[in-house]
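**Q** I'll drop the sequence and a predicted model, then ask my questions.
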Amino acid sequence: MTQTASSQSTAEATQNGQQPDAAEAVEAIAVRSRNAARRMARANRAWKDKALREIAESLVAKRDVVLQANRQDLDEGKANGTSAALLDRLTLDTKRIDGLAAALENLAALPDPVGTVMRGQTLPNGLRLRQVHVPMGVVAAIYEARPNVTVDIAGLALKSGNAVILRGGSAARHTNVALLGIIRDSLDRVGLPSDAVQSVDDYGRDGANALMQARGLVDVLIPRGGRELIQSVVNNAKVPVIETGEGNVHIFLDESAGTEMAVDILLNAKTQRPSVCNTVETLLLHRDAAASADVLAALAGAGVRLHVDQRVAGILPAGVEAETATDEDWAREYMDLDLAVAMVDSMDDALRHIRAWTTGHTEAIITNDLRNAERFIAEIDSAAVIVNASTRFTDGGELGLGAEVGISTQKMHARGPMGLRELTTTKWIVQGDGQVRD
């Protein structure tokens, strides 16, 4: 298996009896990435798609290698007292690996964003203009305990013609080494530069800090993880950052909502995979919502721990227990089988609560009133607004983007799930016949 670039640098330094310097090593990695990015920018769609399919096939063929590495990470995590939610994000199994391979196949089937024309015209002086999508160049990502992100980001970066530098964290280091080796070997086999996908994990936090300071070498940095990680990157990075936000996600149960649909949506939004950012964390019940009691009973029956205000405590069905909610609960991204529940008197109250506590990720309404749905869409200022469906659909794969680098809560060129197009920028192409400016 091909040795990763960072591992090779570490080995050379060790052989020379030296302690590798993180800043110098990361700079060298970034320079190799820059060179690889130039080659990736010239690769046509067929070549890039061949690489994606090769990686997908290798993932399946070497599934046992990945699973063995993942078990080692899980064993270390359990020994270190890692939370259940973090262990869930860390876990790969046969189904999840097959899902990663399928996502790569889906990426290969998507149109190539590079070279697509955003707009164009011919000026009165004869100049022909086109604004086209081009690769970012060198994309970096810092994330934690999410080995699936290693494959997702690598695939998106390759398809969009970029090189990528990864910092996947110590919790998943064995799994990421295995995945990185598979990806780099696959690139070698199809004739694309293996340095298009590199890691700085060998240099720990010093490597992450150096990556954040690599202005001029890294074109964009994307943090993906909990609030502490994201804010650390946003506050300390000198390279451009696209902030992916934590998901304090709300669902408003309108008074007109039907019981069956409300129960199905809430159970899926909370229990289908509670450790991810698009799971619901706060439920707002209209005081006249007929579905409230059935929803609360269903959630409690599914093992959800309810944190409720006084008014909700007064309508809890028999046998359903709950804790008293505080402001900490309204602000919290549980990423677990916990749910904050409040009662509101109106749409106005629901909107005020959401505005006070939202992280701008995803908000949803369950309603049979078209006017309420339209008002909710118009007045909620989040990256995704959902009507009568689970919040779990705020996901690049589910929305047809193939995969996602993260979910941006900024109002820059990328907002919401970031797929292929969000990893490109644009440039103007001006063609003339000797025109000069007056």
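**A** All right, it came through fine. Just so it is clear, the structure is predicted and the values come from calculations on it, not from any experiment.

**Q** let me know the pLDDT of Val276.
**A** pLDDT recorded at Val276 is 88.

**Q** next: Thr2.
**A** For Thr2, the predicted pLDDT is 47.

**Q** same question for Thr14.
**A** Residue-level pLDDT assigned to Thr14 equals 44.

**Q** go on, Ala145?
**A** On the pLDDT scale, Ala145 gets 87.

**Q** do Leu166 as well
**A** Value listed for Leu166 in the pLDDT field: 98.

**Q** hang on, Ala350 in a strand?
**A** No: Ala350: not assigned to a strand; according to DSSP: H, G, I helix; E, B strand; the rest coil it is helix.

**Q** burial count for it?
**A** By the measure other CB atoms under 10 Å, the count of residues near Ala350 is 26. From N, CA and C alone the C-beta is placed, and that goes for glycine too.

**Q** isn't it up against Ala289?
**A** No: at 10.8 Å, Ala350 does not count as touching Ala289 under the criterion of CB atoms under 8 Å.

**Q** helices along the stretch 301-438 of the chain, start to end?
**A** In the stretch 301-438 of the chain, the segments counted as helices under DSSP state H, counting those that start in this stretch are 310-313, 327-331, 347-357, 370-379.

**Q** can you list these in JSON lines and add mean pLDDT?
**A** Shown next, in JSON lines, are the helices of the stretch 301-438 of the chain (pLDDT from 0 to 100):
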{"stretch": "helix 310-313", "mean pLDDT": "97"}
{"stretch": "helix 327-331", "mean pLDDT": "96"}
{"stretch": "helix 347-357", "mean pLDDT": "98"}
{"stretch": "helix 370-379", "mean pLDDT": "98"}
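
**Q** and those: which comes nearest Ser83?
**A** Nearest to Ser83, of all those, is helix 327-331, at 17.3 Å by CB to CB.

**Q** kindly list the longest helix within the chain.
**A** Counting residues, the longest helix found in the chain (DSSP state H) is helix 22-42.

**Q** can you give me how far that one is from the chain middle?
**A** 23 Å (CA atoms, centre = their mean, to the nearest Å).

**Q** check stretch 218-238 too.
**A** With CA atoms, centre = their mean as the basis, the mean position of stretch 218-238 lies at 13 Å from the chain mean.

**Q** what is the mean pLDDT for that stretch?
**A** Here the average pLDDT along stretch 218-238 is 90.

**Q** buried sites along that stretch?
**A** 218-226, 229-230, 232-233, 237 (16 or more other CB atoms under 10 Å).

**Q** can you name the two of those that sit furthest apart?
**A** Asp219 and Gly226 (24.7 Å).

**Q** picking up where we left off before, in JSON lines: the helices of the stretch 301-438 of the chain, plus distance to Gly191.
**A** Below are the helices of the stretch 301-438 of the chain laid out as JSON lines (distance: least, CB to CB, whole Å):
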{"stretch": "helix 310-313", "distance to Gly191": "61"}
{"stretch": "helix 327-331", "distance to Gly191": "50"}
{"stretch": "helix 347-357", "distance to Gly191": "51"}
{"stretch": "helix 370-379", "distance to Gly191": "48"}
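
**Q** which stretches of the stretch 151-300 of the chain form helices?
**A** Under DSSP H, counting those that start in this stretch, the stretch 151-300 of the chain gives helices at 173-190, 204-212, 227-236, 259-271, 292-301.
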